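Novice: Compute the structure for the input listed below.
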Amino acid sequence: MATGTEPPGSATGVRSPGRAAIAARHLRTDRWWLSPAATAAGLLAFVAYSTWRAFANADYYAAPYVSPFYSPCLAENCVPMRGGPNWEIFGSWWGLSPALLILVFPLGFRLTCYYYRKAYYRGFWASPPACAVAEPHASYTGETRFPLLLQNLHRYFFYAALPVAGILTYDTVLTFRNADYAWGHAGLGTLLFLVNIALIWAYTLSCHSCRHIVGGRLKHFSKHPVRYRLWTWVGRLNTRHMLLAWSSLISVALCDLYVYLLATGTFDDPRFF
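Specialist: Numbers count the residues shown, from 1 in each chain. A predicted model of the protein is given here:
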């Protein structure tokens with residue numbers, strides 16, 4: 001910031017001669033730090049909870065519910081789930097939690113998400129801390145160096161997130177069974193899973209990469225009416241991408257917590273019919 005001590009002609013832009021010499025880092029009078037602080041706190045809470053549950057390797061199935069953190073279950077050491085997403089691709093040599101085999105895909109999708117990048121860049125790296133607030137870093141390289149160069153994999157993580165969302169949809173269908181696997185029943189968990197899968201699909205399809213895939217690289221929308229219609233639908237979702245990002249993050253954690261409480265016998269699943 002200009003202090004009024006620079007030699008004449010030595011500064012440009014807002015520090016150029018004739019501009020007000022302002023020593024403050026910014027002129028914002030609101031509590032601008034609340035948003036990045038709350039974002040960092042929320043993300044840390046989810047990271048702590050999901051890390052504990054992912055490595056726990058226990059209490060992730062309570063018929064007919066399976067935790068979204070463990071679906072699909074791809075290891076031989078998975079808890080048997082009748083009609084559930086059990087695919088023993090990894091044999092007895094895999095001794096760690098099966099959640100670690102699948103979470104890499106939704107985690108990669110969210111880590112490289114355009115909104116989440118903004119969220120943790122501001123919340124953890126202060127790059128920048130907020131609008132109209134100078135960042136404390138001496139230099140800026142953007143996403144041109146490792147590991148941030150990996151952010152370019154976002155589109156491919158989007159492709160991987162689609163089948164995961166499809167499997168979670170299948171899990172949601174299975175919640176219309178009771179604990180004895182009889183169809184035509186529903187409980188409080190069914191409602192939670194329905195809300196969760198709706199939010200997960202809304203978040204996934206509101207992705208900027210999805211918007212580009214359905215409507216990008218077109219010179220004339222009039223010649224591609226179907227893709228144009230899809231592009232407008234995704235565009236409407238995209239305006240709520242931040243809300244959907246947080247809502248789906250909370251809902252997936254709540255579903256896992258609900259299954260955990262059922263599996264540990266904390267309470268029984270209230271049945272509607």
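Novice: and residue 51, how many neighbours?
Specialist: By other Cβ atoms under 10 Å, 11 other residues sit near residue 51. In this view, the C-beta of every residue, glycine as well, is placed from N, C-alpha and C.
Novice: Tell me who's in contact with residue 55.
Specialist: Residues in contact with residue 55 (Cβ atoms under 8 Å, 6 or more residues apart in numbering) are 96, 97, 99, 100.
Novice: Just the buried residues of the longest strand along the chain, please?
Specialist: Longest strand in the chain by number of residues, with DSSP state E as the criterion: strand 86-90. Under the neighbour-count criterion of 16 or more other Cβ atoms under 10 Å, strand 86-90 has 86, 90 buried.
Novice: residues in contact with it?
Specialist: Contacts to strand 86-90, defined as Cβ under 8 Å, 6+ apart, come from residues 72, 73, 74, 75, 76, 78, 80, 98, 101.
Novice: would TSV of those residues with neighbour count be doable?
Specialist: Output for the contacts of strand 86-90, formatted as TSV (neighbours: other Cβ atoms under 10 Å):
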residue	neighbour count
72	21
73	26
74	19
75	24
76	15
78	26
80	8
98	26
101	18
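Novice: Now tell me which of the residues you listed the prediction trusts least.
Specialist: Of all the contacts of strand 86-90, residue 80 carries the smallest pLDDT score, 91.
Novice: low-confidence ranges in the chain?
Specialist: 1-20, 22 (pLDDT under 70).
Novice: got a list of what the most centrally placed residue in it touches?
Specialist: In the chain, the centroid-proximal residue (Cα atoms, centre = their mean) is residue 110; its distance is 3.7 Å. Shown in contact with residue 110 (Cβ under 8 Å, 6+ apart): 116, 245, 249.
Novice: Looking at these, which one is closest to residue 170?
Specialist: Nearest to residue 170 among those: residue 249, at 21.1 Å, using Cβ to Cβ.
Novice: looking at this, that closest one is in a strand?
Specialist: No - under DSSP: H, G, I helix; E, B strand; the rest coil, residue 249 falls outside any strand and is assigned helix.
Novice: ok, it - how many residues close by?
Specialist: Using other Cβ under 10 Å, residue 249 is surrounded by 19 other residues.
Novice: Ignoring the adjacent residues along the chain, who's closest to it?
Specialist: residue 46 (5.9 Å; Cβ to Cβ, 6 or more residues apart in numbering).
Novice: The one you found is in what secondary structure piece?
Specialist: Assigned by DSSP states H and E, residue 46 belongs to helix 34-56.
Novice: Cool, thanks, signing off.
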